[in-house]
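Q: With the input below, show me the fold.
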Amino acid sequence: MDLWQRDQVDTTHVLRDPQAPTGMYFVSHDAQGHHFSYARSGSAASRMQPQDLAQHWLKAISGSRWLHLSGISLALSASACDTAFAAMQHARAQGTQVALDSNLRLSLWPLARAQACIRHAVSLCDLFLPSIEDMTSLTGLTQAQDIIAWSHAQGAAQVVLKLGAEGAVASNGQSIRQVPGHAVTALDATGAGDCFAGNLLARLTAGDDLWQATVYANAAAALSVQGLGAVAPLPHRHQVMQLLERGTPEPSA
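A: The predicted structure is shown next:
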């Protein structure tokens, strides 16, 4: 809570559970990249119930531009998954747009359940933010255009596929554009996908179109991998603008 407040994040709607701990994860690194180990069983978030939504969050969702969830939101427990689906349905009924990051963590749930739940969640979202690794595990697809086509077929109006060092591919359902990656020395990709999603939604909220927002989010994520940890390397706006001003190719069709 102190961290969020220092960074001027509104914590008004944070719900605490006095009977359960905050979930944790541990990050390890090897030649294949970073890996997560979770201590989330019985965590406060895993104990979310649909009635929490009615008691605490409906007004907040209705007054927001975006509701953002991830595959982890669905994987924590059956009740958390039910709460997430109810929140998505409420948001759409109230005109709040829904964004979903695939964030597949197979250590949290079986692949078959992940496939079924994420497929349903994609049908409830306005913007889907998968990674190519997640989608290969979920669908067996390996090509960007095939993954984007699958995502639209499930119901997502807009898709931004994260390609890691190769950048991202964005689609609004009518056209597809690729944003190339930035040449950086990557130390730690922990949190890079969350950095990408947060910056993308922030820029969409500020009025950017999908292509402009993707260019910005791509640059922010490139900066975030140059430090260690999920929070400390997150860039400020002036740092992202400095990177973009040095010259970023326009999105290509």
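Q: ok, the most centrally placed residue in the chain - contacts?
A: Centroid-nearest residue in the chain, with C-alpha atoms, centre = their mean: Asp101, separated by 3.5 Å. Going by C-beta atoms under 8 Å, 6 or more residues apart in numbering, Asp101 touches His68, Leu69, Ser70, Gly71, Leu129, Pro130, Gly193, Asp194, Ala197. The way it works is simple: take the backbone N, C-alpha and C, and place the C-beta from them, glycine included.
Q: Are we agreed that the last one is in a strand?
A: No - following the definition DSSP: H, G, I helix; E, B strand; the rest coil, Ala197 is helix and is not counted among the residues of a strand.
Q: I figured it was touching Ala217, is that so?
A: Yes - using C-beta atoms under 8 Å, Ala197 makes contact with Ala217 at a distance of 7.4 Å.
Q: So for those two, which residue has more residues nearby?
A: With neighbours defined as other C-beta atoms under 10 Å, Ala197 and Ala217 compare such that Ala217 has more, 28 against 22.
Q: unless I'm mixing things up, the more buried one is touching Arg203, no?
A: Yes - if you go by C-beta under 8 Å, Ala217 and Arg203 touch, sitting 6.8 Å apart.
Q: so what's Val180 closest to, chain neighbours aside?
A: Val isn't right for residue 180; it's Pro. Gly167 (4.6 Å; C-beta to C-beta, 6 or more residues apart in numbering).
Q: Count the neighbours of Thr22 for me.
A: Thr22 has 12 neighbouring residues, counting by other C-beta under 10 Å.
Q: what about the closest residue to it other than its chain neighbours, how many neighbours?
A: In space, Thr22 comes closest to Ala44 once its chain neighbours are excluded; the distance is 6.0 Å by C-beta to C-beta, 6+ apart. Ala44 has 17 neighbours, counted by other C-beta under 10 Å.
Q: What of the one 4 residues further on?
A: In terms of burial, Met48 registers 24 neighbours under the definition other C-beta under 10 Å.
Q: ok now stretch 234-248, how far from the chain's centre?
A: Averaging C-alpha positions (C-alpha atoms, centre = their mean, to the nearest Å) puts stretch 234-248 21 Å from its chain's average.
Q: I'd like the distance between Pro130 and His13.
A: Pro130 sits 27 Å away from His13, going by C-beta to C-beta, to the nearest Å.
Q: the more surrounded of those two?
A: The neighbour count for Pro130 versus His13, taken as other C-beta under 10 Å, is higher for Pro130 (28 against 11).
Q: OK, contacts around that one?
A: Per C-beta under 8 Å, 6+ apart, neighbours of Pro130: Asp101, Ser102, Ile147, Ser151, Val159, Leu161, Lys162.
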